[in-house]
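Peer 1: test case, fold it:
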Amino acid sequence: MQPDVGSGGIPVPLEKTPLEAYVPPKRPSLIGLSRGEIAAHLAEIGVAAAQRKMRAQQLWHWMYFRGAKNFDEMTSISKDTRAELAQHFTVDRPEVVAEHHKRLEDWQAKLAHAQKALAVINGWIAAKKIRAPELVMENGSGLSRIERISAGNLAALLQAAWRSAVMPEFIASMPVVAVDGTMRRRLTGEGVAGQAHIKTGLLSEVRAMAGYVLDSGGRRFVVVMLVNHPRAHDAQPAMDALLRWVYER
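Peer 2: As a prediction, this is how the structure comes out:
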């Protein structure tokens, strides 16, 4: 790119402006932190070492399993402790302010489109008579720390997808055990190899799988396993054992 030229033919230097600027909250949010990071924050406000791990686990459960939007909702934590936490932290999402080089109308249109997309998804779920009050969707990327759904309702979604007119295309998009994708090196040479379509997911302290298994008797089962734990990365043998058991049962 050539620099702009001002009066007298003197080049005008280009100015660089950040696309996004992080706006820190007045009180740091615990959303998006690992259990270890939460415990470190608790240490900073004087929580006793013997209590940090337990408190971090309580907070993690309320934020990601129960969907608490503030500390007052965390009723298994004492009122005094909740008040102390609220003085120092929030459970709000961090705010990102973006400087978009597009018209405001374009941004508003995209926001409206996202809202319509969520409405369509919620409408589809309701039409399938799936009640999922715990469901939270942020961006669908698989990298969100706040998105959540129960294993039971994820299984219900897979059952609904099986009855869908686009079932063949949907299942074909999922890795086949011991054949391709993220499952190509798992359970090779075993009975379940080639007999299950499984989608996997992995984040720090989170591991998941969901899909369909065709068992040795020709029956197809929905399988879901979600692991939220500091050692979630060690859960693969348990997941493989579950797939093996469903196939052989």
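
Peer 1: give me the number of residues near residue 30?
Peer 2: By the criterion of other C-beta atoms under 10 Å, residue 30 has 22 neighbours. In short, each C-beta sits where N, CA and C put it, glycine included.

Peer 1: got phi/psi on it?
Peer 2: phi -90, psi -10 (degrees, to the nearest 10).

Peer 1: touching, it and residue 64? I think so.
Peer 2: No - counting by C-beta atoms under 8 Å, residue 30 sits too far from residue 64 to count as a contact (10.5 Å).

Peer 1: what kind of secondary structure is the residue lying closest to residue 212 once chain neighbours are set aside in?
Peer 2: Distance criterion C-beta to C-beta, 6 or more residues apart in numbering; nearest residue to residue 212, sequence neighbours excluded, is residue 197 at 5.1 Å. Here residue 197 is recorded as strand under DSSP: H, G, I helix; E, B strand; the rest coil.

Peer 1: next, work out how far apart residue 197 and residue 71 are.
Peer 2: 41 Å (C-beta to C-beta, to the nearest Å).

Peer 1: in this structure residue 248 contacts residue 215, no?
Peer 2: Yes - using C-beta under 8 Å as the test, residue 248 is close enough to residue 215 to be in contact (7.4 Å).

Peer 1: now do the strands in this structure.
Peer 2: With DSSP state E as the criterion, the chain has strands at 4-5, 11-12, 20-23, 95-98, 196-203, 206-214, 220-228.

Peer 1: return the set of buried residues in the fifth one.
Peer 2: Which is strand 196-203. 196, 197, 198, 199, 200 (16 or more other C-beta atoms under 10 Å).
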